[in-house]
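> below: sequence and its predicted model.
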Amino acid sequence: MKDSLPEAAALGRLGNLYQQYRQGDRASNLEEAIASYTAALSVYTREAFPEKGALTQNNLGVAYSNRIRGEKAENIEMAIASFTAALTVYTREVFPKKGVQTQNNLATAYSDRIRG
């Protein structure tokens, strides 16, 4: 798993670049970001790399929140799941600033929620 760490880091950075990239097809860029974050999470497990995994889960949640393709309700549910997973690590006691940012993202996703 440690051998995969540089690859996971590169995938996380690639996901960030795809999310921020303003040229090309925005929908395709977000799909690439989601795929990159999802691949990185195969290495950044909660057990092995909790902080990196939480950051990646938060970024994945943002990508799902902004996703153009797919069903809007399902994308929001995926965002909520990602932010919730990040918050298992980003607690107020250990990561107050990151936790608040992720809580804010989660609150926005809940306010946009279509289901439930």
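That came in fine, so what should we check first? Numbers count the residues shown, from 1 in each chain.

> which strand or helix spans residue 31?
Residue 31 is part of helix 26-40 when elements are defined by DSSP states H and E.

> tell me which other helices or strands the next helix or strand after that helix touches.
Under the assignment DSSP H and E, the closest C-terminal helix or strand after helix 26-40 is helix 50-66. On a contact count with 3 or more Cβ pairs under 8 Å, 6 or more residues apart in numbering; DSSP states H and E, helix 50-66 meets helix 5-20, helix 26-40, helix 72-87, helix 96-112. From N, CA and C alone the C-beta is placed, and that goes for glycine too.

> need the contact partners of helix 50-66.
With Cβ atoms under 8 Å, 6 or more residues apart in numbering as the test, helix 50-66 has contacts from 8-9, 12, 15-16, 19, 30, 33-34, 37-38, 40-41, 44-46, 75-76, 78-83, 85-90, 95, 98, 101-102, 105-106, 108-109, 112.

> got the buried residues for it?
Neighbour counts over helix 50-66 (16 or more other Cβ atoms under 10 Å) mark 50, 52-66 as buried.

> out of those residues, what pair is the most spread apart?
Pairwise distances across these (Cβ to Cβ) peak at 24.9 Å, for the pair 50 and 66.
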